[in-house]
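Asker: Sharing a sequence plus its predicted fold:
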Amino acid sequence: MSEGHWILPDETATAALATRLAAAIGGEGRGLVLYLHGDLGAGKTSFARALLAALGVRERIKSPTYSLVESYRLPARTAWHLDLYRIADPGELEWLGLDALSDDGAVVLVEWPERGRGALPPADLDLHLAYAGIGREARLQAADARGRGVLERLASLPEASSRQA
């Protein structure tokens, strides 16, 4: 499976999809780089927060809008959440010390990844969120074999309140 598509009528459905994705990623130290695409307000940060919580983050999950990057210690790995909306040039990321993002076991979530082109690890999965009436539409695309494996595991999990289209 290289792509999945869901209709998310509300934030609960968005969180349910994020929880299922966390289960597909697994807790045994497997990493993943997920690029989150979508307009302002499309739900990227809400999805990232729900995913991080489902992966085991127990502390307050802050939006990295102003800090650009937040890191969280999980039982078997580290998770990174980046929001690059305020970045004008990928060269600005140099001072952030993004070398740690290349850890094969890390979970890396990047909002506005196009603003960090060339300075980020390549995506395993791309999540596209778009407005769909009063809800959202989500499309997950695998960018490599790791991403395809996660999507295959996701497809084998029972559906929750999100509806696959």
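Answerer: Perfect, thanks for sending it.
Asker: which regions of this protein sit below the pLDDT cut-off?
Answerer: 1, 27-29, 65-66, 90-93, 95-101, 160-165 (pLDDT under 70).
Asker: How are the strands of the protein distributed by residue range?
Answerer: Here the chain has its strands, by DSSP state E, at 3-8, 32-37, 69-73, 78-83, 107-111, 125-132, 135-142, 163-164.
Asker: list the buried ones in the longest helix anywhere in the chain?
Answerer: Secondary structure assigned by DSSP state H gives helix 11-25 as the longest helix of the chain. Of all the residues in helix 11-25, those buried under the rule 16 or more other Cβ atoms under 10 Å are 13-25. C-beta coordinates here come from the backbone N, C-alpha and C atoms, glycine included.
Asker: quick check: angle from it to strand 3-8?
Answerer: 150 degrees (axes from the mean of the first three to the mean of the last three Cα atoms, to 10 degrees).
Asker: Just want the angle from helix 11-25 to strand 32-37.
Answerer: 150 degrees.
Asker: just how off-centre is helix 11-25 within its chain?
Answerer: Taking Cα atoms, centre = their mean, to the nearest Å, the mean C-alpha location of helix 11-25 is offset from the chain mean by 10 Å.
Asker: Surely Ala48 is in contact with Leu36?
Answerer: Yes: using Cβ atoms under 8 Å, Ala48 is in contact with Leu36, at 6.4 Å.
Asker: got any residues that touch both of the two?
Answerer: Common contacts of Ala48 and Leu36 (Cβ atoms under 8 Å, 6 or more residues apart in numbering): Leu109, Glu111.
Asker: Ala155: neighbouring residues, count only.
Answerer: Neighbourhood size, Ala155 [other Cβ atoms under 10 Å]: 13.
Asker: what's the spacing between it and Arg20?
Answerer: Separation of Ala155 from Arg20 (Cβ to Cβ, to the nearest Å): 10 Å.
Asker: what do you get for Asp104?
Answerer: 23 Å.
Asker: ditto for Gly118
Answerer: 32 Å.
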